[in-house]
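In: Here is a sequence with its predicted model. Questions after.
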Amino acid sequence: MKPINQKAWWLVLPVVICVAFSAVLPLMTVVNYSVQDIISPERRVFVGTEWFAAVMRDEELHAALWRQLTFSLAVLAVEIPLGIALALSMPARGWQASLVLVLVALSLLIPWNVVGTIWQIYGRADIGLLGAALAWLGVDYSYTGDATDAWITVLAMDVWHWTPLVALLCYAGLRSIPDAYYQAARIDGASRFAVFRYIQLPKLRGVLMIAVLLRFMDSFMIYTEPFVLTGGGPGNATTFLSQYLTQKAVGQFDLGPAAAFSLIYFLIILLLCFILYNWMQRVGTADREGAGHE
Amino acid sequence: MNEARLRWRTLFLVAYLIFALLPIYWMVNMSFKTNEEILASFSLLPRQFTLANYATIFTDASWYSGYINSLIYVAINMAISIAVALPAAYAFSRYSFLGDKHVFFWLLTNRMTPPAVFLLPFFQLYTTLGLMDTHIAVALAHLVFNVPLAVWILEGFMSGIPREIDETAYIDGYSFPRFFFTIFLPLIKSGVGVAAFFCFMFSWVELLLARTLTSVDAKPIVSVMTRTVSASGMDWAVLAAAGTLTILPGAVVIWFVRHYIAKGFAMGRV
């Protein structure tokens, strides 16, 4: 158990002040908007929970929410295993390690609006490499015309863009496992899988938790890339939650409902992350206790 | 490690790198073409190789000052994030205190709000404080997502260091600051490297907040880039050149922190 020390609060205080200034203050402003009907800056009417009720009844919102959930779960299902596999196969030392590290990280460094623009050309059958390659293989592919193609393209773009985040976190986590652990495993004659399951995976728990939560919440808020690539179409196959929110907020210039929407949006992410977090912690604790009995 | 496994591993790695680098290759390829060539035909290499797109960026002050502005606020943001996150992460990894678990999770919840939600409140807040269109405004705004991230990453790495090390150091007569900087920090180098890189990266590519909080003096490159979309159509070639140039500073950063990422605890002298 960690020793109890209330003075540790002094170490945490700077962080709390920073975050309170740049997050809590703005969030409170949003809460304030969400219960008012703002006709003009001078004329506001208190409406209570009216906006919240209206948002909850919105059918289109429900559809966008399901699309979003499916997308985020697909993102996790692809990026987490791929990222772990990538981290395991990256060289550990030497110039190869440095080179691979830099190459893998490149896609993270491109501004999000450029990511969408590049894929827009990249996916076109007439002038883009991906589109041309697929056409050459005889695949009928069009991210602007076909809903499934568009959805898969957005997913592929996200996998391309963000798998390195998972990989880099896992890679750094793997590198921090002391050699003694591997030596002990070698003496015990442990199989490759056993090393992964009982040494590497438990040691990666911390970084994996960060990776899963980050990818979940960020993919849940995905906006710029699909907006630039498909504009939410065809139809609304790739209109995810935050794009729907922006359509409402900008399209109708209605601060109250948009603020209520934002808060519900935030609460959904919060709830899902809380469930994920607790689940992963329980799995981790069970793992450690299991290992203790062996 | 046996031969067959090494070969599979390399094969997988090469396959991934091809998948990862092809879109980037396409962007670099586009940056050396003219707009007419990009839109008219498919070619693996530029037929009329041109540096005009890069020339546009390097000769126009509004373009290259965008890079400088971005670098300034990203550096400020990185410095603040790591400086406040280090002690906090240490506290979370070493001590129990009132509300520790709740505060820890609460920190991350600040990353869960779509940036679009913050636009108007931020605008009002920074206008009131007179910070609009300054580098510090963007750096402060980006703390929302970078500080929680840095705390979480650093806490993960610090928890991997056995507490006995702290205790031994105190018994040996080390003061807390001396212990922290000379013993503890070198042990979590890889964590600091990863955290610094992620702070850099998230702040560097963020568009919405940076664009809203600046107009002229601190206008970041991501915002300058949106200029390439105009009534006369997209300027794809210049956008591709600008995109290629935005990768470079980050590649330099990761080149510098690569040792911290690759050499973890295993290399530390404990």
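Out: Thanks, I have it. Residues are numbered from 1 along each chain as shown, chains lettered A, B, ... in the order given.

In: What is the distance between the biggest helix by length in chain A and the centre of its chain?
Out: Secondary structure of chain A per DSSP state H: the longest helix is helix A:255-293. Offset of helix A:255-293 from its chain centre (CA atoms, centre = their mean, to the nearest Å): 13 Å.

In: hey, where'd the helices end up in the stretch 151-270 of chain B?
Out: In the stretch 151-270 of chain B, the helices defined using DSSP state H, counting those that start in this stretch lie at B:164-171, B:176-178, B:185-187, B:189-205, B:208-213, B:221-225, B:236-262.

In: try the stretch 1-150 of chain A
Out: Assigned by DSSP H, counting those that start in this stretch, the helices in the stretch 1-150 of chain A fall at A:9-19, A:25-34, A:50-57, A:59-89, A:94-105, A:112-122, A:129-136, A:147-175.

In: the bottom helix or strand of the chain by mean pLDDT?
Out: You didn't say which chain, so I picked chain A. Least confident helix or strand, chain A: helix A:241-252 with a mean of 73, by mean pLDDT, DSSP states H and E.

In: Sorry, I should have been clearer: chain B.
Out: Least confident helix or strand of chain B, by mean pLDDT, DSSP H and E, is strand B:229-230 with a mean of 66.

In: From the centroid of the chain, which residue is nearest?
Out: As the question left the chain open, I've gone with chain A. The C-alpha lying nearest the average C-alpha coordinate of chain A belongs to residue A:215 (CA atoms, centre = their mean; 2.3 Å).

In: should've been chain B
Out: Geometric middle of chain B (CA atoms, centre = their mean) lands on residue B:201, at 1.3 Å.

In: quick one: pLDDT of that one?
Out: Confidence at residue B:201, expressed as pLDDT, is 91.

In: who touches the residue lying closest to it once chain neighbours are set aside in this structure?
Out: Spatial nearest neighbour of residue B:201, excluding adjacent residues (CB to CB, 6 or more residues apart in numbering or on different chains): residue A:108 at 5.2 Å. Where you see a C-beta, it was placed from the backbone N, CA and C, and this is true even at glycine. Neighbouring residues of residue A:108 by CB atoms under 8 Å, 6 or more residues apart in numbering or on different chains: A:161, A:162, A:164, A:165, B:201, B:205, B:250.

In: can you pull the contacts of residue 216?
Out: The chain I'm using is chain A. With CB under 8 Å, 6+ apart, residue A:216 has these contacts: A:72, A:75, A:76, A:272, A:273, A:276.

In: The intended chain is chain B.
Out: residue B:133.

In: so what pLDDT did it get?
Out: pLDDT recorded at residue B:216 is 81.

In: and if you look at the one 4 residues further on?
Out: Among the per-residue scores, residue B:220 holds a pLDDT of 86.

In: Repeat that for the one 5 residues further on.
Out: Confidence at residue B:225, expressed as pLDDT, is 81.

In: Count residues in the vicinity of it, would you?
Out: Neighbour count for residue B:225, taken as other CB atoms under 10 Å in any protein chain shown: 22.

In: Does it touch residue B:241 like I think?
Out: No - Residue B:225 is beyond contact range of residue B:241, at 10.3 Å (criterion: CB atoms under 8 Å).

In: coming back round to it: between the helices of the stretch 151-270 of chain B, which one is closest to residue B:81.
Out: Proximity to residue B:81 (CB to CB) singles out helix B:189-205 among the helices of the stretch 151-270 of chain B, at 4.7 Å.

In: so what secondary structure elements neighbour that closest one?
Out: Helix B:189-205 sits against helix A:147-175, helix B:61-94, helix B:143-159, helix B:236-262, with contacts defined as 3 or more CB pairs under 8 Å, 6 or more residues apart in numbering or on different chains; DSSP states H and E.

In: quick one: which of those helices is nearest residue B:175?
Out: Residue B:175 lies closest, by CB to CB, to one member of the helices and strands packed on helix B:189-205: helix B:61-94, at 14.5 Å.

In: where does the stretch 151-294 of chain A have low pLDDT?
Out: A:249-254, A:287-294 (pLDDT under 70).

In: Just to check, the residue nearest to the centre of chain B is in contact with residue B:250?
Out: Yes - between residue B:201 and residue B:250 there is a contact under CB under 8 Å: 6.3 Å.

In: got any residues that touch both of the two?
Out: Residues within reach of residue B:201 and of residue B:250 at once, by CB under 8 Å, 6+ apart, are A:105, A:108, A:109.

In: Can you tell me which of those is closest to chain B?
Out: If you rank the shared contacts of residue B:201 and residue B:250 by distance to chain B using CB to the nearest CB, residue A:109 comes first, at 3.3 Å.

In: ok, that closest one to residue B:252 distance?
Out: Counting by CB to CB, to the nearest Å, the gap from residue A:109 to residue B:252 is 10 Å.

In: Which of these two has more residues huddled nearby?
Out: Ranked by neighbour count (other CB under 10 Å), residue A:109 and residue B:252 place residue A:109 first, with 23 against 10.

In: Give me the nearest residue to the more buried one, chain neighbours excluded.
Out: With CB to CB, 6+ apart, the residue lying closest to residue A:109 is residue B:250, at 3.3 Å.
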